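**Q** Just to be clear, the model below is a prediction. Sequence and coordinates:
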Amino acid sequence: MAQISTSEKIKLNLARFKKANQTFEINVDPDLAIRFKKGESIDLREVLKAEQIFSDAKKGEVASESDLNNAFHTTDTIKIAEIIIKEGEIQLTAEYREQKREQKKKQIVNLIHTNAIDPTTKLPHPVQRIELAFEEAKVRIDEYKSAEEQLETILEQLRPIIPISFEQANLTLQFPPTYAAKAYSLVQQNSKIIQETWNQDGSWTVKVELPAGLKPDFIDKLNSFTHGEIVIEEE
């Protein structure tokens with residue numbers, strides 16, 4: 001097998017397993033490997049970057065068949081790879097971890113921007129303000145946890161810097177007959193319908209609920225759609 005170049009070594013994401021004082025490694029797609037480890041049904045051949053079991057992947061050293069037989073009682077790459085991923089640990093490159101942290105940060109910032117408000121102004125915090133608060137609070141993002149899983153912990157760090165409140169907005173919308181039927185999909189896609197009435201004159205009255213941070217944009221959409229002919233009441 002050709003040796004792995006120095007540039008490739010830096011980018012290797014590995015799954016590693018130790019048994020009988022020996023180390024066995026496989027080169028993996030990190031996202032797929034993590035999903036497979038969590039129990040998702042994924043073809044292992046898609047997870048593997050190379051269908052070989054290494055004793056030292058960074059040096060390109062392939063494990064011998066005798067070592068594989070002694071440790072796993074098989075030389076079947078796929079069977080061994082499954083054991084390595086499920087029972088071993090996934091070693092991620094610094095580049096990959098930083099990329100995932102940045103992705104999670106954007107998701108969390110968006111969650112706060114779209115679902116929370118400043119309780120003083122009742123308006124959503126601008127994205128840039130939230131990002132500055134992240135920097136000031138020196139928030140650390142966990143690349144292994146979902147955005148939702150770490151949201152509450154991060155909010156505790158941010159609240160001393162910016163006031164954040166997760167509230168729901170409740171609106172009653174009255175659509176004139178001209179727009180009533182066509183408005184249904186717009187309302188359904190942007191809010192939760194609580195109660196609705198189709199009136200005899202063809203107009204539509206509907207009570208909705210949505211994250212308070214989304215209210216200004218939703219109202220703008222409604223006014224644009226109806227050319228300002230909608231009646232909006234806030235509870």
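**A** In hand now; what should we look at? Numbers count the residues shown, from 1 in each chain.

**Q** In CSV, list the C-alpha atoms belonging to the longest helix seen in the chain.
**A** With secondary structure taken from DSSP state H, the chain has its longest helix at helix 94-115. The C-alpha trace of helix 94-115 is given here as CSV (Å, rounded to 0.1, in the frame of the first residue of the first chain):
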residue,chain,number,x,y,z
ALA,A,94,-8.5,20.0,15.1
GLU,A,95,-9.7,21.4,11.8
TYR,A,96,-12.9,19.2,11.8
ARG,A,97,-13.6,20.1,15.5
GLU,A,98,-13.3,23.8,14.8
GLN,A,99,-15.6,23.5,11.8
LYS,A,100,-18.3,21.7,13.8
ARG,A,101,-18.0,24.2,16.6
GLU,A,102,-18.5,27.1,14.2
GLN,A,103,-21.6,25.3,12.7
LYS,A,104,-23.1,24.7,16.1
LYS,A,105,-22.4,28.3,17.1
LYS,A,106,-24.3,29.6,14.1
GLN,A,107,-27.2,27.2,14.9
ILE,A,108,-27.4,28.4,18.5
VAL,A,109,-27.2,32.1,17.5
ASN,A,110,-30.0,31.5,15.1
LEU,A,111,-32.1,29.7,17.7
ILE,A,112,-31.7,32.7,20.0
HIS,A,113,-32.3,35.3,17.3
THR,A,114,-35.5,33.6,16.0
ASN,A,115,-37.0,32.4,19.2
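
**Q** Can you pull out the residues in contact with that helix?
**A** 10-11, 13, 30, 92, 124-127, 130-131, 134, 139, 141-143, 145-148, 150-151, 154-155, 158, 164, 166, 211-214 (CB atoms under 8 Å, 6 or more residues apart in numbering). Heads up, the C-betas are built off the backbone N, CA and C, glycines and all.

**Q** which of the residues you listed are buried?
**A** Among these, those classed as buried by 16 or more other CB atoms under 10 Å are 13, 30, 92, 124-125, 130-131, 134, 139, 141, 143, 147, 150-151, 154-155, 158, 164, 166, 211-214.

**Q** that older thread, ok, residues contacting the helix or strand following the longest helix of the chain?
**A** If you walk from helix 94-115 toward the C-terminus, the next helix or strand you reach (DSSP states H and E) is strand 116-117. With CB under 8 Å, 6+ apart as the test, strand 116-117 has contacts from L123, P124, H125, I164, S165, F166, E167, P211, A212, G213.

**Q** Ok, stretch 142-158 next?
**A** The contact list for stretch 142-158 (CB under 8 Å, 6+ apart) reads 34, 92, 97, 100-101, 104, 107-108, 111-112, 130, 133-134, 137, 139, 141, 164.
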